[in-house]
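Undergrad: Using only what follows, build the 3D model:
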Amino acid sequence: METTLSAPILATNEEGYLKNYKEWTEEWALATAAAHNIELTPKHWEVLHWLRAKQAEGVALSLRKAGNSGIVDIKQLYALFPGGPLKISSKIAGIPKPASCI
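TA: A predicted model of the protein is given here:
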């Protein structure tokens, strides 16, 4: 029997970002990552929790800040979240799309 991972139904905007980042759950993150063909590893979780902490602190996020997080460098961030590392990681982390993302 095959099981399908499905995210809890949470309100998102037209781009798929959570409207209320406080509603985020790890189950939602797993399902959102799977929709982007990403299997979350411990390193992914470190990045996601760092992003959420910075959002809570009111820090304006950028690719450079994420690359200087001490968790990963920019090259590693691209490897973890291909196709738009900050945009995709922010979506999976349940935080608003950073202003630095187009």
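
Undergrad: where in this protein is pLDDT low?
TA: 1-8, 102 (pLDDT under 70).

Undergrad: And the helices in it?
TA: 26-35, 42-57, 63-67, 74-80, 85-93 (DSSP state H).

Undergrad: Next, the buried residues of stretch 84-92.
TA: Pro85, Leu86, Lys87, Ile88, Ser89, Ser90, Lys91, Ile92 (16 or more other CB atoms under 10 Å). Every residue, glycine included, has its C-beta placed from N, CA and C.

Undergrad: Next, the contact list for the fourth one, please.
TA: With contact set as CB atoms under 8 Å, 6 or more residues apart in numbering, Ile88 has these partners: His36, Ile38, Phe81, Pro82.

Undergrad: need the residues you listed in TSV with distance to Val47 and neighbour count, can you?
TA: TSV is the format used below for the contacts of Ile88 (distance: CB to CB, whole Å; neighbours: other CB atoms under 10 Å):
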residue	distance to Val47	neighbour count
His36	14	15
Ile38	11	19
Phe81	8	24
Pro82	13	12
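
Undergrad: Dump those residues to TSV, plus distance to Ile9.
TA: Below are these laid out as TSV (distance: CB to CB, whole Å):
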residue	distance to Ile9
His36	18
Ile38	21
Phe81	24
Pro82	27
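
Undergrad: between these, which is closest to Cys101?
TA: Phe81 (11.8 Å; CB to CB).

Undergrad: For that closest one, grab phi and psi.
TA: Dihedral pair for Phe81: phi -130, psi 70, per degrees, to the nearest 10.

Undergrad: Confirm for me that it is in contact with Leu40.
TA: No - the criterion here is CB atoms under 8 Å, and Phe81 misses it with Leu40 at 10.3 Å.

Undergrad: what is in contact with the two at once?
TA: Ile92.

Undergrad: Glu23 contacts Ala29, correct?
TA: No - using CB under 8 Å, Glu23 is not in contact with Ala29, being 11.7 Å away.

Undergrad: just to revisit the earlier point, return the member of the buried residues of stretch 84-92 nearest to Thr12.
TA: Scanning those for proximity to Thr12, where the rule is CB to CB, the winner is Lys91, at 8.8 Å.
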